[in-house]
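Colleague: Next one to model:
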Amino acid sequence: MRHAISPRDSFAQRLLIGSVRKSYDPVVDIDWAEPLDPDKLFLPARVVSLCGTELWDAMSAAERRELSRQELANMLSVGIWFENLLERLLLRELLAGDPTSATSHYTLTEMADECRHMMMFGKLIERVEARPYWPRPPVRLAITALPALLRGSMVWVAALVGEEIFDTLQRRVLDDPDLQPIVARTMRIHVTEEARHIGFARDALTRRVPTMSRGERVYARMCVAVAGPLFVSLVLNRHMYVRAGLDGRRAHSIALRNPVAREARAVGAADLAAFLGEHGLIGPVGRRWWRAVGLL
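Modeller: Sure, this is the predicted structure:
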């Protein structure tokens, strides 16, 4: 006798239908032979980390374009690391799940999406004639160890921190007329599919919160607090300034304090911070640390 479908499975079934209706294959859905526009940036100026500073004002158009190229390559590299981590977390979720359920089937669908996203990001780094960025050995070790620390609700917290901030920023800039068309196309594919991934993670976390123990809630708040500064440290990689021909330490310090960049980060994190706050998963320490790095 077939059991009644759970609310979680019902939600996953709707996401599966959406995946059938609108999914992409970057190999065929992006024209990788499309020429780059020599006058367009690789990220819109308003989201480049030095925009609005005296250092930015002193840079030539060519220097600004190169910095935007390096920031894009770094952002895509961070996306690849994160998607890799998320794949490992989701694979572990499948080990404990019912392989006949819609939830498991959507988890597999999301993993397939993320595999394509990693390939898409790698192809875009190559197409814009940049090089990928690799985490320093201590950070690489931490990323490797994270699956052992991220369990239960923290799988979905990690998914949201890694997906929502990038997603919001991409939505703000993908229609910018100064953006390289091939970058805009990549962002449009990513935000379309990430919308389902974010919904899946939010639904899981919303259902989990009422059953959390006090210890799990404290642990979740601690992880959220750390995730914000970690995210900013990855996207403000000083090596991208070096590759752009700048003094890496000086440029990094300026970018971290830059009010324009801080506002962009706060806008990107606003919906996520509100969601986490609504569910009691960002406490006073988390708010203080997120505010310190410009996420609030």
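
Colleague: now the helices for the stretch 151-296 of the chain?
Modeller: In the stretch 151-296 of the chain, the helices defined using DSSP state H, counting those that start in this stretch lie at 153-173, 181-208, 214-235, 238-243, 248-257, 259-278, 284-292.

Colleague: Need the contact partners of the fourth one.
Modeller: In other words, helix 238-243. With CB atoms under 8 Å, 6 or more residues apart in numbering as the test, helix 238-243 has contacts from 67, 70-71, 73-74, 131, 133, 247-249, 251-252, 255. C-beta coordinates here come from the backbone N, C-alpha and C atoms, glycine included.

Colleague: buried set for that helix?
Modeller: R238, M240, Y241, R243 (16 or more other CB atoms under 10 Å).

Colleague: what about the last one, distance to A73?
Modeller: Summarising the geometry, the distance separating R243 from A73, computed by CB to CB, to the nearest Å, is 8 Å.

Colleague: So for these two, which residues contact both of them?
Modeller: R131.

Colleague: Deepest-packed of the helices of the stretch 151-296 of the chain, please.
Modeller: Highest mean neighbour count of these: helix 153-173, a mean of 21 (counted as mean count of other CB atoms under 10 Å).

Colleague: doesn't E71 make contact with L41?
Modeller: No. The criterion here is CB atoms under 8 Å, and L41 misses it with E71 at 9.7 Å.

Colleague: Now list whatever residues contact both of these two.
Modeller: Counting by CB under 8 Å, 6+ apart, the shared contacts of L41 and E71 are V48.

Colleague: about what we covered before: indicate which one of the helices of the stretch 151-296 of the chain is closest to A58.
Modeller: Nearest to A58, of all those, is helix 248-257, at 11.4 Å by CB to CB.

Colleague: relative to helix 214-235, how tilted is that closest one?
Modeller: Per axes from the mean of the first three to the mean of the last three CA atoms, to 10 degrees, the angle that helix 248-257 makes with helix 214-235 is 130 degrees.

Colleague: Can I get helix 248-257 in PDB, CA atoms only?
Modeller: C-alpha atoms of helix 248-257 as PDB (Å, rounded to 0.1, in the frame of the first residue of the first chain):
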ATOM      1  CA  GLY A 248      47.300  43.100  -3.200                       C
ATOM      2  CA  ARG A 249      47.400  43.900   0.500                       C
ATOM      3  CA  ARG A 250      46.600  47.600   0.000                       C
ATOM      4  CA  ALA A 251      43.800  46.900  -2.500                       C
ATOM      5  CA  HIS A 252      42.300  44.300  -0.200                       C
ATOM      6  CA  SER A 253      42.300  46.700   2.700                       C
ATOM      7  CA  ILE A 254      40.600  49.400   0.700                       C
ATOM      8  CA  ALA A 255      38.000  47.000  -0.700                       C
ATOM      9  CA  LEU A 256      37.100  45.700   2.700                       C
ATOM     10  CA  ARG A 257      36.400  49.200   4.000                       C
END
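
Colleague: I'd like to know which elements it is packed against.
Modeller: helix 54-57, helix 238-243 (3 or more CB pairs under 8 Å, 6 or more residues apart in numbering; DSSP states H and E).

Colleague: Thanks a lot, catch you later.
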